[in-house]
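**Q** Next come a sequence and a model predicted from it.
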Amino acid sequence: MRVAIPVTAGKIPNHLGHCESFLIADVDKGAIVKSELVPNPGHGPGGPPPVFIARKSVNQVLAWGIPPAAVEIFKELGMGVELGVTGEPKAALEAWLAGKLVKTKDGLDAGGGCGPSARDGGAGGGCGGGH
């Protein structure tokens, strides 16, 4: 199985589409076999993120927040999506593999990480789009 986790400054950010990179990990029998950090192409060549991640043969995405439209794209591309995942990416993956992942609902409003509780200290409008 191959798992993708968004990463910014060594942590799982509140919005997958705006992350710096993705931790792509191959797992087998509950253990991480191999992992690499891959730069996020954003919405440019190679993107949008759901398509980019699908091209990396990912089966499962662990993230804090993803907008509903992007969640649907991930599912249509055959990937599982786990939301509310925070903290250090490798530790979160190990907890998920062990069945001990503790998730948060903080910042998981209808925007999947784009709403006022998760962006710019709560000010401004949504970020929109399926990212």
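**A** Everything's here; your move.

**Q** now the most centrally placed residue in the chain: how far from Lys29?
**A** In the chain, the residue lying closest to the centroid (CA atoms, centre = their mean) is Ala63, at 3.2 Å. If you measure Ala63 against Lys29 using CB to CB, to the nearest Å, the figure is 24 Å. All C-beta spots, glycine's among them, are computed from the backbone N, C-alpha and C.

**Q** picking that back up, need the per-residue pLDDT for the residue nearest to the residue nearest to the centre of the chain when sequence neighbours are not counted.
**A** Leaving aside its sequence neighbours, Ala63 sits nearest to Leu16 (CB to CB, 6 or more residues apart in numbering; 4.6 Å). Here the pLDDT value assigned to Leu16 is 92.

**Q** Surely Leu16 is in contact with Ile73?
**A** No. Using CB atoms under 8 Å as the test, Leu16 is too far from Ile73 to be in contact (11.3 Å).

**Q** more crowded one of these two?
**A** Leu16 (31 against 21; other CB atoms under 10 Å).

**Q** Dihedrals phi and psi, the more buried one?
**A** Main-chain torsions, Leu16, degrees, to the nearest 10: phi -60, psi -40.

**Q** Contact partners for it?
**A** Pro6, Pro49, Val61, Ala63, Trp64, Gly65, Ile66, Ala70, Gly113, His131 (CB atoms under 8 Å, 6 or more residues apart in numbering).
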